[in-house]
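**Q** I would like to see how this sequence folds:
(one chain, ligands or ions: 1)
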Amino acid sequence: MPEKSPNLLIFAVDSLRADHCSCYGYHRLTTPHIDRLAARGVRFQNHFSPYIPTTPAYTTILTGRDVMAHEMVSLTPKGPIAPDIPTLPELLREEAGYASIRVGFAGDFFRGFDKYVSYDEGWLAWPDRPARKAENLNQVALPALEELVRNGSPWLLFIRHMDPHAPYLPPPPFDSLFYGKDPTDPNLPDTMGPVRNFPPFADFHLSWMPEGIRDIAHPVAMYDGALAYMDACIAVLLNRLEELGQAEDTLIVFTADHGETLTEHDCYFDHHGLYEPTIHVPLILCQPSRLPQGKLISGITLHQDLVPSLLEYVGLEVAVKARTFDGKSVLPLLRGERATNYSEFYLTECTWMRKRGWRTAEWKLIDALEPDFHQKPPVELYNLVEDPGENVNLAEREPEVLNLLKRRMMAWVNRRIDETGKPDPILQYHLGLDKRIGSIATAKRLQER
Ligand SMILES: [Zn+2]
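**A** Down below sits the predicted model:
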């Protein structure tokens with residue numbers, strides 16, 4: 001018998017953008033314990049969530065299939081994942097006897113775990129703060145970890161933190177860690193106007209911000225404080241893993257379903273828009289007994305790569321070859337066998353806006369399938385090298401690049417329609433312009449299925 005299969009502890013945080021983690025170069029020390037995972041493991045600098053938001057992203061993470069195959073293109077999909085598409089916990093159980101628990105919302109896009117435990121995700125208004133989301137999570141995640149260890153089989157623990165998801169209301173001292181003023185001070189310039197003046201999200205956002213807020217730097221600092229709070233609580237889980245004698249035998253995976261837009265592109269404090277803050281997410285793999293330490297991977301990797309990577313990692317290469325996955329293992333990048341998994345890839349969103357895109361290392365095309373509530377141009381083209389903030393739309397100035405990217409994107413889409421035998425999922429929807437997120441209660445309900 002080969003050595004015991006490694007356990008998998010997967011942190012798949014909701015709404016965590018890579019560039020606000022200190023290990024990804026952020027100027028604030030938001031994630032010291034996660035940084036330590038990166039220092040003791042492998043950090044992927046260009047990992048992307050290509051199909052946003054939550055439902056498509058977690059489906060991609062857990063199936064290794066792309067949006068054309070799993071068809072979960074919207075936050076509120078038309079049905080469950082097709083029964084003939086296996087999920088990671090199902091594959092691990094069938095092929096290698098893994099036990100599995102999922103911590104976070106229950107939902108059909110998490111099909112296949114042995115057990116589900118949920119916690120209070122802190123959908124609070126400002127007067128009811130703080131939200132102790134990660135402590136509530138630990139209260140159920142620590143017993144789940146202990147149960148899996150007692151069981152004796154190799155295990156998968158999949159954890160969904162909600163701390164970086166609005167409302168951002170971390171407890172003291174994290175609520176003032178990065179902000180020391182009064183954000184309602186009438187002497188401050190009023191930078192909150194655009195948030196107040198965007199009706200689809202204004203009621204929700206203003207409910208969890210201080211009354212009379214003027215300074216938009218405050219919710220950004222609260223987002224960062226929520227990261228630091230979550231990071232401290234993750235350290236408690238990692239310490240328990242050590243105490244249980246499991247650290248050496250466990251691969252820790254740290255990633256996020258999608259990122260978060262804070263003040264960019266008018267998409268305030270949410271995760272719509274195919275811009276970098278929402279699609280660029282962290283990916284760290286850490287198991288010092290089996291993986292290099294402090295290694296950086298600069299090639300492009302995608303969420304659909306995770307299942308084939310993890311199956312290969314636990315010794316199930318044969319199962320990978322016998323099945324269909326749309327992603328590719330990232331392990332050849334670690335071994336130096338190839339530099340990148342992709343030179344170009346497809347993007348979708350179909351929840352608040354209905355758009356698709358095509359991203360290369362240098363360019364991003366965003367193509368709208370219907371008008372959107374931000375009144376953005378129907379076609380956007382950005383040069384990511386010269387304009388990493390995606391502020392200068394070159395669609396009219398660079399028609400040749402635009403047409404080339406459009407052609408490549410539609411050739412890929414049409415090839416995938418042929419290969420899957422399924423319709424193009426994004427064409428099955430019409431969103432209209434009157435969408436509203438509503439109150440905190442309706443925002444929470446949107447997450448539940
Ligand atoms: Zn999400």
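**Q** what residues sit buried inside stretch 165-183?
**A** 165-171, 174-175, 177-179, 183 (16 or more other C-beta atoms under 10 Å). C-beta: built from backbone N, CA, C; applies to glycine.
**Q** thought residue 170 was touching residue 231?
**A** No: the pair residue 170 / residue 231 is not scored as a contact, 10.7 Å apart, by C-beta atoms under 8 Å.
**Q** and the buried residues of stretch 165-183 as TSV, adding distance to the ion and pLDDT?
**A** Listed next are those as TSV, based on distance: C-beta to the ion, whole Å; pLDDT from 0 to 100:
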residue	distance to the ion	pLDDT
165	6	97
166	11	97
167	14	97
168	14	98
169	17	98
170	18	98
171	22	98
174	21	98
175	22	97
177	24	98
178	23	98
179	25	97
183	26	98
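**Q** around the ion, which positions in the stretch 1-150 of the chain sit nearby?
**A** Within the stretch 1-150 of the chain, the residues that sit near the ion (C-beta under 5 Å from the ion) are 14, 53-54.
**Q** now list the buried members of those.
**A** By 16+ other C-beta under 10 Å, those give 14, 53-54 as buried.
**Q** pick out the most distant pair among the buried residues of stretch 165-183.
**A** Farthest pair in the buried residues of stretch 165-183 (C-beta to C-beta) is 165 and 183. Separation: 20.4 Å.
**Q** so residue 306 touches residue 255, yeah?
**A** Yes: between residue 306 and residue 255 there is a contact at 7.4 Å, judged by C-beta under 8 Å.
**Q** so which of those two has more stuff around it?
**A** residue 306 (27 against 22; other C-beta atoms under 10 Å).
**Q** quick check: the residue of the chain positioned farthest from its centre vs residue 121, distance?
**A** For the chain, the largest distance from the centre (C-alpha atoms, centre = their mean) belongs to residue 187, which lies 37.1 Å off. Note on residue 187: its distance to residue 121, by C-beta to C-beta, to the nearest Å, is 36 Å.
**Q** how much space between the nearest residue to residue 47 once chain neighbours are set aside and residue 327?
**A** Among residues not flanking residue 47 along the chain, residue 283 sits closest, at 3.7 Å (C-beta to C-beta, 6 or more residues apart in numbering). Counting by C-beta to C-beta, the gap from residue 283 to residue 327 is 12 Å.
**Q** which of those two has more neighbours?
**A** More crowded of residue 283 and residue 327, by other C-beta under 10 Å: residue 283, with 26 against 22.
**Q** show me what the more buried one is bridged to.
**A** In this entry, residue 283 is beta-bridged to residue 44, residue 255, by DSSP bridges.
**Q** shaky segments in the chain?
**A** 1-3, 106-109, 449 (pLDDT under 70).
**Q** point me to the residue of it nearest the ion.
**A** Going by C-beta to the ion, the ion is nearest to residue 54 of the chain, at 3.1 Å.
**Q** related to what we said a few turns ago, the residue farthest from the centre of the chain and residue 328, how far apart?
**A** 54 Å.
**Q** likewise for residue 355?
**A** Applying C-beta to C-beta to residue 355 and residue 328 gives a distance of 25 Å.
**Q** which of those two has more residues huddled nearby?
**A** residue 355 (23 against 20).
**Q** that one contacts residue 369, correct?
**A** Yes: using C-beta under 8 Å, residue 355 is in contact with residue 369, at 6.5 Å.
**Q** what about the strands in the stretch 301-449 of the chain?
**A** Along the stretch 301-449 of the chain, the stretches classed as strands by DSSP state E, counting those that start in this stretch are 344-350, 354-360, 363-368, 379-383.
**Q** returning to that earlier point: put together a markdown table for the buried residues of stretch 165-183, with secondary structure on each row.
**A** Shown next, in a markdown table, are the buried residues of stretch 165-183 (DSSP: H, G, I helix; E, B strand; the rest coil):
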| residue | secondary structure |
| --- | --- |
| 165 | coil |
| 166 | coil |
| 167 | coil |
| 168 | coil |
| 169 | coil |
| 170 | coil |
| 171 | coil |
| 174 | coil |
| 175 | coil |
| 177 | coil |
| 178 | coil |
| 179 | coil |
| 183 | coil |
